[in-house]
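[1] predicted structure and sequence below. I'll ask about it afterward.
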Amino acid sequence: MSNTARHRIDELTNEIREHQFKYYVLDKPTITDAQFDALLNELSQLESKHPELLAPDSPSLKVGGGFSTQFEQRDHIEKMMSLDNVFDINELASWFDRVEKEIEKPSYLCELKVDGLAINLTYENGQLVRGLTRGNGVTGEDVTLNVKTIKVLPHQLSGKDIPSLIEVRGEVFFPLAAFNELNESLEEAGKALFANPRNGAAGSLRQKDPRVTASRPLSLVVHGIGARENISFESQSDAYGLLKKLGLPTSERFKVCGTRAEVEKFISYYNEHRHDVEHEIDGVVIKVDSIASQEKLGFTSRAPKWAIAYKYPPEEVVTKLLDIKVSVGRTGRVTPFAFMEPVKVAGSTITNATLHNGEEIVRKGVLVGDYVVIRKAGDVIPEVLGPVIDRRTGKEKAFVMPTHCPECASELRAMSEADVDIRCPNTQSCPAQLRERIYYIGSRAALDIDVLGYEAAVALLESKVITDESDLFDLTAEKLSKSDFFTKKDGTPSKNVETLLKALDEAKTRPLWRTIVALSIRHVGPTAAQALATHCGSIDAISKSNADELAQIDGVGTTIAESIIDWFSIDWHREIIRKWSAAGVRVIAEEV
């Protein structure tokens, strides 16, 4: 058994789970679909080579990314599967080969892969009774009241032969024109903009107040059927005809193809005309049309064998790299960012992109002043692929990673031999790390504290209202009056004071796993935090566990276990727990 393979599998598993949480629950992905697929593919290949290391809860075997805690959770009647992906014609040909080994001369239904939010609609005797998000494929969030506000969705099915029960699978999306109008109105109101239509759709559907959802011009298209009674069909294309007769919004952009060449022609056409479609697409879904053939081919643990998603490559553009600067994150990681001439790609204007680390800059051969190729999948921070060598003038300059922290002047270093990142070791008092940790505590990923955004975090620290996160839950109106951010021009408290203090009180009662996340323990995100909270039951129990005990917890593993032990070995970290506990923050799991 390879320790190196085990360590890499642990790393990949943790990283994939965090990205699933950000994508499916927070609606805030931080990597491209292609980057996520590459991580998942690497994990699958390692597990194939080392089957003894395949965990029963591996992300390679599971669908989706779990669910948030804002809506009631309900089970789907029939599991909502995911789709396997291919990225080029050769990979697609391999899928064709597998299908045609079992099925003679199949017909294939091709349709556009809408880049939206998956939804499962349940109709009983023609009446819409439930709308669930995909969640983890078994359980989703109940967004029935919100989904009912979508104008194209019928509350009552029409036509003849209405089934007594039917689960209809579809995709909620923002039409591009409507999305642009929404962002313009948000900008005029001084509110945060949505990064892309998918985030806009997900954020709008997950509003606590259905009236807000109703004000957003969402749309929906249906593309599949789950559980059903008193309804039958022989093909996927027949099913679409039935759904349309029932009054449901189906896509007109699908085609039944009799040959591989026809499928490839469909894929090629929409790759060239993707911007002619009224909503964002990120590929084409190909399904075996015959239901009998689908049943013969069956499923893997996460996806049907009779369907595949052909993913289009991300869009690429060229712009000028003006400068490279670094930022210091909440765990001390130093990340270089490219600052560029504004350029439009995948529907949005971008001016910066991550360069990940110093090794990546060297590997890509990027110089300040270069014209560079930028890739963006439409929903995350764009990526610099490399320089356009032919456009160099000789005035370009190499970038050298700093040796000292730009904020506190501490000497930067890698924390281990395997660490490709350099970090600022001054975790206690580095201004950058402090404000990023305070900001993160208030984020949706952690304790979800209203008002505690980036500006508030900076204001609290610069005015010395707090010295670090341990002081956060001891805040009072009197203490906040020392900060201009929390006072009006006449010196009286602003409305932010009451809002923040109320939000801090509410945050004290959040589930234990959120408190764990808020501690900013390296590698411990929502997935690992939930596993720790469930298994240990309290922060005290976590702190008293040894590395072997922690590593045995499903969803934790060796890397996270070692990080937890390191964190609790530091005195000022334990002081955070002591002060938060004294202030009433939940440090013991809630009773169920």
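    That came through fine.

[2] contacting residues around residue 583?
    473-474, 508 (CB atoms under 8 Å, 6 or more residues apart in numbering). Any C-beta I mention is one placed from the backbone N, CA and C, and that applies to glycine too.

[3] and the gap between it and residue 463?
    20 Å (CB to CB, to the nearest Å).

[4] just the CA atoms of the longest strand along the chain, as CSV, please.
    Ranked by number of residues, the top strand in the chain under DSSP state E is strand 315-328. Output of strand 315-328 as CSV, limited to C-alpha atoms (Å, rounded to 0.1, in the frame of the first residue of the first chain):
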residue,chain,number,x,y,z
GLU,A,315,-13.6,30.1,-23.7
GLU,A,316,-10.2,31.7,-24.2
VAL,A,317,-9.2,35.3,-25.0
VAL,A,318,-5.9,37.3,-25.1
THR,A,319,-5.2,40.4,-23.0
LYS,A,320,-2.2,42.3,-21.6
LEU,A,321,-0.7,41.3,-18.2
LEU,A,322,-0.1,44.7,-16.5
ASP,A,323,1.2,43.5,-13.1
ILE,A,324,1.5,40.6,-10.7
LYS,A,325,0.7,41.1,-7.0
VAL,A,326,0.3,38.8,-4.1
SER,A,327,-2.4,38.4,-1.5
VAL,A,328,-2.2,36.7,1.9
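
[5] among the contacts of residue 583, who's most crowded?
    residue 473 (20 neighbours; other CB atoms under 10 Å).

[6] about what we covered before: so which bits of the longest strand of the chain are buried?
    If you call a residue buried by 16 or more other CB atoms under 10 Å, then strand 315-328 has these buried ones: 315, 319, 321, 324, 326, 328.

[7] for stretch 428-439, same thing?
    Residues of stretch 428-439 classed as buried: 430, 432-439 (neighbour count, 16+ other CB under 10 Å).

[8] before we move on, what about stretch 44-59?
    If you call a residue buried by 16+ other CB under 10 Å, then stretch 44-59 has these buried ones: 44, 46-47, 53, 58-59.

[9] ranges for the helices of the stretch 201-350 of the chain?
    For the stretch 201-350 of the chain, the helices defined by DSSP state H, counting those that start in this stretch cover 210-214, 236-245, 260-272, 291-297.

[10] comparing those, which yields the minimum mean pLDDT?
    Lowest mean pLDDT within the helices of the stretch 201-350 of the chain: helix 210-214, at a mean of 84.

[11] and for residue 176, the neighbour number?
    Neighbourhood size, residue 176 [other CB under 10 Å]: 15.

[12] let me see the contact set for the closest residue to residue 531 other than its chain neighbours.
    Setting aside the residues directly before and after it, residue 531 is nearest to residue 555 in space (CB to CB, 6 or more residues apart in numbering), at 3.3 Å. By CB under 8 Å, 6+ apart, the contact set of residue 555 is 17, 57, 527-528, 530-531.

[13] which neighbours in the sheet does the longest strand of the chain have, and how are they oriented?
    strand 334-345 (antiparallel), strand 371-376 (antiparallel) (DSSP bridges).

[14] give me the distance from that strand to the chain's centre.
    23 Å (CA atoms, centre = their mean, to the nearest Å).

[15] tell me the contacts of residue 71?
    For residue 71, the contacting residues are 141-143, 206, by CB under 8 Å, 6+ apart.

[16] look at it and report its pLDDT.
    80.
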